[in-house]
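*Asks:* Next one to model:
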Amino acid sequence: MAEVIILPDAEAAGVIAADAIAELILADPHAVLGVATGSTPLTTYRALAARVRDDAIDVSNVQAFALDEYVGLPVDHVESYHSVIRREVTEQLGLTPELVHVPDGSLDGIRTAGDAYEALIVEAGGVDLQILGIGTTGHIGFNEPGSSLASTTRWKTLTEQTRIDNARFFDSPEQVPTHCITQGLGTIMRARHLVLLAFGEGKADAVAGAVEGPIGSSLPGSAIQLHPHVSVIVDEAAASKLAHADYYRYAWANRVTGVPL
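*Replies:* A predicted model of the protein is given here:
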């Protein structure tokens, strides 16, 4: 069972997630992080940046791998994930740019980009801690419903719902790319620790399905139930449809102090 932590708001969740990442880096200055985009992990990145600054944590040797990228969007486009990761992760945390990796979303490299990215992750020794969000369709990364639980990094077609959800980052829904390249569910599951964040009532169904529903490709996030080390950190609204929410609150309130996530 995943450890489910229900907190009052996204700010409190960000602190808990950031503390787990900071402790990992302090234990291993060459840690490998999996980083996500979107609005969900922003409080984590802000809290982690504060920890890095206040505790003078050396992050110069930390590697990071982004989950996904749009296909066909220029890397210098403000909403390409190359640009987003640079702004929200690399620069904010002070990571070494050469050690931060984002999948190649260029049309020219679409046939080989997935295998090349998989090789980079393997060469780095695998991801130690993977930050995840979850979409309203239940996707993690850009693994839309129907994705194989064993899938590796490859290009996918985004659902219309995902494009609608992401339209807030663009001037119009028509500007949202139709395709992406994403780490597969199998790739994500190789990370040694998964930290899934979700906030707001709009994520409640997806969270309940991922944590307590049947495991299957219809809700890709449910794959986390097969992982041995998962922390699900949500606010009260996102937890509102969890059948065992009272138990999760009880377990967190009675956690063993000093033991990391």
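
*Asks:* Averaged pLDDT, the helix ranked longest in the chain. What do you get?
*Replies:* Counting by DSSP state H, the longest helix found in the chain is helix 10-27. Here helix 10-27 scores 98 as its mean pLDDT.

*Asks:* Would you mind listing the buried residues in it?
*Replies:* Neighbour counts over helix 10-27 (16 or more other C-beta atoms under 10 Å) mark 10, 13-25 as buried. Every residue, glycine included, has its C-beta placed from N, CA and C.

*Asks:* Tell me the helices and strands packed up against that helix.
*Replies:* strand 3-7, helix 42-54, strand 129-132, strand 193-198, strand 230-235 (3 or more C-beta pairs under 8 Å, 6 or more residues apart in numbering; DSSP states H and E).

*Asks:* what ranges do the helices span in the stretch 51-200 of the chain?
*Replies:* Under the criterion DSSP state H, counting those that start in this stretch, the stretch 51-200 of the chain contains helices at 81-85, 91-93, 113-123, 160-166, 185-189.

*Asks:* With distance to residue 173 and mean neighbour count as extra columns, can I get the ones you listed in CSV?
*Replies:* Formatted as CSV, the helices of the stretch 51-200 of the chain follow (distance: least, C-beta to C-beta, whole Å; neighbours: other C-beta atoms under 10 Å):
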stretch, distance to residue 173, mean neighbour count
helix 81-85, 18, 22
helix 91-93, 28, 17
helix 113-123, 26, 16
helix 160-166, 6, 16
helix 185-189, 27, 23
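
*Asks:* returning to what we had before: now find how far off-centre the longest helix of the chain is within its chain.
*Replies:* Distance, stretch centre to chain centre, for helix 10-27: 14 Å (C-alpha atoms, centre = their mean, to the nearest Å).
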